[in-house]
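**Student:** give me a model of this one.
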Amino acid sequence: MTRKLTFIMTGLLLGISFGAHASPAKDRSALIKHYKQILPDIKFENYIYGALAMNPDAKRQYDDIMSFPPYSMDMDKGQKMWETPFKNGKQFSSCFPDGGKNIAGNYPYFDNAAKRVVTFENAVNACLKKNGEEELKYGESEMGLLTAYARSLSDGMKVNVKVKGSGALAAYEKGKKYYYTRNGQLNFACASCHVENAGKFIRSDQLSMMIGQASHWPEFRGGTDIVTLQKRFIQCEKNMRATTLKPNSEEYNDLEYFLTYMSNGLPMQTPVFRK
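**Tutor:** Numbers count the residues shown, from 1 in each chain. The predicted model follows:
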């Protein structure tokens with residue numbers, strides 16, 4: 001089923017105008033104001049915990065689990081991949097400033113020369129290609145383990161995604177449009193759950209706010225099952241009974257660009273555990 005060209009009313013009520021192209025900064029300010037109104041007891045810095053921020057008991061359980069995370073051995077695998085030399089003797093750290101520390105929060109970014117959004121996974125594969133190595137399959141476990149460790153080198157860094165120039169703004173607008181467009185047999189948009197109904201329950205699951213969602217991927221779910229952000233896009237669209245796209249598609253990259261911009265100013269924490 002094709003994506004329906006109908007925007008949910010939430011975007012319009014918040015002043016997120018698709019026709020007028022409200023600035024990214026105004027979009028973000030409108031969303032922060034919206035969440036303060038519907039979730040007044042949650043501090044902005046706690047948005048990184050999503051639904052956990054709404055449930056003190058669940059948050060305490062999460063903190064206990066994170067004291068001895070069940071995915072420690074998996075992170076060791078990711079570290080080994082990051083530190084193992086390529087055939088030419090170089091390592092991943094040679095491709096990034098300061099060996100890859102405190103840089104993941106700058107991704108995704110819009111590459112004016114390539115005229116597209118570049119995600120952190122794209123940068124990892126570009127590093128492999130540059131050094132004569134085989135690229136990893138986007139969104140799969142091997143890429144997830146590697147980027148989980150690599151992103152952990154930026155823990156505490158504030159998300160700092162920039163939207164500058166006409167090309168970047170166009171990509172941002174496409175990602176925003178995707179987020180607010182109803183889709184699938186259930187006629188939901190991403191925003192139906194995470195903007196309109198944030199804090200409410202679907203069955204036993206409490207819906208998280210959109211701001212903060214992009215600050216902590218990949219996630220380890222149920223202990224050691226690693227899920228990348230774009231794999232989560234696919235899972236959500238399947239839940240909406242919608243046609244899914246491939247990881248690293250232009251649409252998903254633009255969506256990730258928009259979504260991550262909305263988490264600007266929040267500290268990164270990678271990886272995390274979710275049930």
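**Student:** hey, where'd the helices end up in the stretch 1-150 of the chain?
**Tutor:** For the stretch 1-150 of the chain, the helices defined by DSSP state H, counting those that start in this stretch cover 9-13, 24-38, 56-67, 72-83, 120-130, 141-152.
**Student:** for the ones you listed, which one ends up most surrounded?
**Tutor:** Ranked by mean neighbour count under mean count of other CB atoms under 10 Å, the helices of the stretch 1-150 of the chain are led by helix 141-152, which reaches a mean of 23. Any C-beta I mention is one placed from the backbone N, CA and C, and that applies to glycine too.
**Student:** after it comes which helix or strand?
**Tutor:** helix 166-180 (DSSP states H and E).
**Student:** rewinding a little: okay if I get the helices of the stretch 1-150 of the chain as CSV plus distance to residue 200 and mean pLDDT?
**Tutor:** Listed next are the helices of the stretch 1-150 of the chain as CSV, based on distance: least, CB to CB, whole Å; pLDDT from 0 to 100:
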stretch, distance to residue 200, mean pLDDT
helix 9-13, 13, 50
helix 24-38, 9, 95
helix 56-67, 16, 93
helix 72-83, 33, 95
helix 120-130, 32, 98
helix 141-152, 30, 96
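**Student:** turn those helices into a markdown table, columns for distance to residue 114.
**Tutor:** Below are these laid out as a markdown table (distance: least, CB to CB, whole Å):
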| stretch | distance to residue 114 |
| --- | --- |
| helix 9-13 | 29 |
| helix 24-38 | 21 |
| helix 56-67 | 37 |
| helix 72-83 | 25 |
| helix 120-130 | 9 |
| helix 141-152 | 20 |
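**Student:** quick one: closest of the ones you listed to residue 172.
**Tutor:** Closest approach to residue 172 among these (CB to CB): helix 24-38, 5.7 Å.
**Student:** check what pLDDT residue 204 gets.
**Tutor:** What the model reports as pLDDT for residue 204 is 84.
**Student:** how many other residues sit next to it?
**Tutor:** Residues lying near residue 204 (other CB atoms under 10 Å) number 5.
**Student:** cool, and the one 3 residues further on?
**Tutor:** Counted with other CB under 10 Å, residues neighbouring residue 207 total 19.
**Student:** would you confirm that it contacts residue 192?
**Tutor:** No: Residue 207 is beyond contact range of residue 192, at 9.3 Å (criterion: CB atoms under 8 Å).
**Student:** if you rank every helix and strand of the chain by mean pLDDT, what lands last?
**Tutor:** Averaged element by element with mean pLDDT, DSSP states H and E, the chain has its least confident helix or strand at helix 9-13 (a mean of 50).
**Student:** can you pull out the helices in the stretch 151-275 of the chain?
**Tutor:** According to DSSP H, counting those that start in this stretch, the helices that the stretch 151-275 of the chain contains are 166-180, 190-191, 229-239, 250-261.
**Student:** where in this structure is pLDDT low?
**Tutor:** Scanning the chain with the threshold set as pLDDT under 70 gives 1-21, 223-224.
**Student:** and the contacts of stretch 109-116?
**Tutor:** Stretch 109-116 has contacts (CB atoms under 8 Å, 6 or more residues apart in numbering) with 117-118, 161-165, 167-168, 171, 250, 253, 257.
**Student:** residues in contact with the most centrally placed residue in the chain?
**Tutor:** Per CA atoms, centre = their mean, the C-alpha nearest to the average position across the chain is that of residue 214, at 3.0 Å. Taking CB under 8 Å, 6+ apart, we find residue 214 in contact with 159, 229, 256, 259, 260, 262, 263.
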